[in-house]
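In: Need the 3D shape of this:
(chains A and B)
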Number of protein chains: 2
Amino acid sequence: MQDVAIIGVGQTAFSRKCGVSVRELCFDAFKEAMEGLDITTDDIDASITCSAPEYDKQRTPSGLISEYLELTPKPAFYVETVCSSSTTGLRVAWSMIKAGLHKVVAVIGFQKMSELTSREVAERMGRGADIIWESPFGITMPSGYGMYARAHMATYGTTEEQLARIRVKNSHYGSLNPKATYRKALSLEDVLASDPVAQPLKVFDCCANADGASCIIMASGDVAKSVSKIPVWIIGLGAATDTMTMSGRKTLTGLRCSQEAARQAYEMAGMGPQDIDVAEVHDCFTIAEMMAYEDLGFAKAGEGPRLIEEKQTYADGKMPINVDGGLLSKGHPIGATGGSQIRTIVRQLREEATEAQVKDAEVGLVHNIGGVGQYGNVTILRR
Amino acid sequence: MQDVAIIGVGQTAFSRKCGVSVRELCFDAFKEAMEGLDITTDDIDASITCSAPEYDKQRTPSGLISEYLELTPKPAFYVETVCSSSTTGLRVAWSMIKAGLHKVVAVIGFQKMSELTSREVAERMGRGADIIWESPFGITMPSGYGMYARAHMATYGTTEEQLARIRVKNSHYGSLNPKATYRKALSLEDVLASDPVAQPLKVFDCCANADGASCIIMASGDVAKSVSKIPVWIIGLGAATDTMTMSGRKTLTGLRCSQEAARQAYEMAGMGPQDIDVAEVHDCFTIAEMMAYEDLGFAKAGEGPRLIEEKQTYADGKMPINVDGGLLSKGHPIGATGGSQIRTIVRQLREEATEAQVKDAEVGLVHNIGGVGQYGNVTILRR
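Out: Okay, here's the model as predicted:
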């Protein structure tokens, strides 16, 4: 069977209010992904559209986006695991190419959240939890991650200041990223003084909803070598779930879906955490990045705080993480986020990340989570 | 690469108001699909959940259903092409098994539409068309298919009576199907006398919304042979799209997405329409079944009406079609429909369709359409 490579990546700027339609957002991301490739839309065999439903009015957007990108009559469909939808799309595209069904597939992630009020968004996020047993009692994303933070503090003595240092790092890199929603570097004092959201999480511990789109063009090995200058190979894939209910979880100090997805991805790649040169992890909240350090094996359980204290996750540290600003700075347009993370790692491996290039990066990892830890995808890429 | 087989199929009864939750519907379909198989939930490597969003309150149902079926922490995700979602799920599962990523995958289709009023359902169906250029002007499913019917009549002289004969046939078989919503055999007079919906289509030319779930268990060849008595092999797959906008279509006398998907599926199977022993086609309206006769090559363009006039599509005819009652009798719980069609053909090929068994059926075809002809899937199965 042929290897599978990423040959193009693109994303729009992420913003709090894009002012254009979903189809236009997707077009912009697709256009950037196609730049420099020796193919046309005729060469794309299928498209996979990834987002979370109900944030904008258009239902079944795959057909619409396919028509707007001039991909009709090629197959198009929709894949969803909320915040990790576009890395699930990547996993599906990989399978279709590996199986020999398609040669070139476009994975398009998007979300337009600014049509709704904050209250409407919160109501929808609530219905992303179990609507019989949990969402009626007030579970939302910040309250769920607030519980993780409390559990990590109670078990390992983690402090609010250590969590805040993650935002300080990510805001520094966000200030260098022209596509980020938030481009102001924040101090430790700024983060610690921000208003409480779901204690111990404060405003600056949380990412923000956003509008945006991303695109990943994937191809079989033979096509990749002939149409792109620097193919980036998919060498590890892992996917797992945990219970829909928070109350069903065995522990709240880490995400089982991350641990299991990482195990699979490392096994498939024949590698371990020590082989990763640069990573993107799902920092929807500061505590989420802290748990990812441990769940992905970059630190032992309880030792994540040391990684950030020692600045090891900065671009010049031992294990550079989220050096594009992460979700915390870029904003989190749900379906577009995974594709944006993939774009960052692909640009790092191609040495195109001029803002914050990690030296000699050959192997990168992307960790993308859906919901309050319901879905986890880990993808390992190599130049 | 290994061949891929269907080893189990199940569905709930379809009904206008199920009275149970989505998770319970899915459990019932899953339970029937697992019956008689020498595997447990531990052997299922991943689940794919298929439905159209916004009809019930629960968002991102994949995690929920996975937990309820005790499949956690296995990967779970959601696939959607509206009415053809579960055959798109089958295509994705096929790819994952063929690629060697998984050995056994469960494809679970469902829809619960009875939580909403008819008006709310119609509003959502409208937003399944292009919300900028078409749905504001009143495009809904019946009006779209009404235009197809008018075009077929104008071009080929097709009559309302010929369309009605399709419902007469399907209602006959629906009366034999214990899982159908409508089990009354209708006369030609009944159909012709029913109230107009979108002329020339009348109430009995249209299928009805329903609640229900379906499940397909798929496996790689080696597993299939060891755990199931009669594996049914997937030998042809086709998928295509047409424009989201009705106004973008080149013709209204047939569906380009059906024609293109059929071409691909026949090519992959190395077969033609003459090799098919029994078929399920997407009869959301009587005109849809009529067009399918021609789009799938069972009749030449314009000669579909003769097929039904001559009763060739009855169980003892040359080309038996929808001998389970079709969507017209069973009801159409959007995400569950494709899986129900697959179940019917699998039961036919296993000679388990006691209600209306087609003699010596070895090769079957399933044709499943999404939207007003936006998405088309054709699947060919062999005993």
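In: my guess is A:G338 meets A:V366, correct?
Out: Yes. Look at A:G338 against A:V366 with C-beta atoms under 8 Å: they come within range, at 7.2 Å. Backbone N, C-alpha and C define where each C-beta goes, glycine included.
In: Please say which of the two ends up with more neighbours.
Out: Legend: neighbour count by other C-beta atoms under 10 Å in any protein chain shown for A:G338 and A:V366, higher for A:G338 (33 against 26).
In: related to what we said a few turns ago, could you name every residue contacting both of A:G338 and A:V366?
Out: A:T87, A:N377 (C-beta atoms under 8 Å, 6 or more residues apart in numbering or on different chains).
In: Then A:I230 would be within a strand, right?
Out: No. Counting by DSSP: H, G, I helix; E, B strand; the rest coil, A:I230 falls outside a strand, being coil.
In: mind listing what it touches?
Out: Contacts of A:I230 (C-beta under 8 Å, 6+ apart): A:L349, A:R350, A:R383.
In: and if you look at A:V168?
Out: So A:V168 contacts A:A185, A:L186, A:S187, A:L188, A:V191 (C-beta under 8 Å, 6+ apart).
In: quick one: which of the residues you listed sit in helices?
Out: A:L188, A:V191 (DSSP state H).
In: would you turn the contacts of A:V168 into TSV with distance to chain B?
Out: TSV is the format used below for the contacts of A:V168 (distance: C-beta to the nearest C-beta, whole Å):
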residue	distance to chain B
A:A185	34
A:L186	31
A:S187	36
A:L188	35
A:V191	30
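In: Could you turn the buried ones of the contacts of A:V168 into a ChimeraX selection?
Out: A single ChimeraX command is used to select the members of the contacts of A:V168 judged buried by 16 or more other C-beta atoms under 10 Å in any protein chain shown:
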select /A:185,186,191
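In: could I get the contacts of A:V168 as TSV with pLDDT and distance to B:A224?
Out: Formatted as TSV, the contacts of A:V168 follow (pLDDT from 0 to 100; distance: C-beta to C-beta, whole Å):
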residue	pLDDT	distance to B:A224
A:A185	98	57
A:L186	98	56
A:S187	98	61
A:L188	98	59
A:V191	98	55
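In: where exactly do the helices run in the stretch 201-350 of chain A?
Out: With DSSP state H, counting those that start in this stretch as the criterion, the stretch 201-350 of chain A has helices at A:221-227, A:256-269, A:286-295, A:304-309, A:326-330, A:334-349.
In: Okay, and the beta partners of the residue in the stretch 151-300 of chain A that chain B sits nearest to?
Out: Closest to chain B within the stretch 151-300 of chain A is A:A239: 3.8 Å, counting by C-beta to the nearest C-beta. On the basis of DSSP bridges, A:A239 is bridged to A:N377.
In: What residues does it make contact with?
Out: A:T88, A:R91, A:A261, A:Q264, A:Y375, A:G376, A:N377, A:V378, B:A46, B:P75, B:F77.
In: which residues of chain A score low on pLDDT?
Out: For chain A, no stretch is flagged by pLDDT under 70.
In: Break it down into its structural domains.
Out: A:4-116+A:210-232, A:137-208+A:234-382 (automatic domain parsing).
In: Let me know which of these is the nearest to B:D205.
Out: Smallest distance to B:D205 across the domains of chain A (C-beta to C-beta): 23.4 Å, for domain A:4-116+A:210-232.
In: and the closest one, how far apart are its ends?
Out: Start to finish, the residues bounding domain A:4-116+A:210-232 are 9 Å apart (C-alpha to C-alpha, to the nearest Å).
In: and what of stretch A:365-376?
Out: Stretch A:365-376: ends 13 Å apart by C-alpha to C-alpha.
In: next one: stretch A:295-313
Out: Across stretch A:295-313, the terminal residues are separated by 15 Å (C-alpha to C-alpha).
In: Is chain B within reach of it?
Out: No. Figure legend: stretch A:295-313 not in contact with chain B (C-beta under 8 Å from any C-beta of the partner chain); closest approach 12.9 Å.
In: In that stretch, which residues are buried?
Out: Buried-residue list, stretch A:295-313, by 16+ other C-beta under 10 Å: A:D295, A:L296, A:G297, A:F298, A:A299, A:A301, A:G304, A:P305, A:L307, A:I308, A:Q312, A:T313.
In: before we move on, what about stretch A:189-206?
Out: A:D190, A:V191, A:L192, A:S194, A:V197, A:A198, A:P200, A:L201, A:K202, A:F204, A:D205, A:C206.
In: Show me which of those residues is closest to A:E289.
Out: Closest to A:E289, out of all of the buried residues of stretch A:189-206 and judged by C-beta to C-beta, is A:D205, at 10.1 Å.
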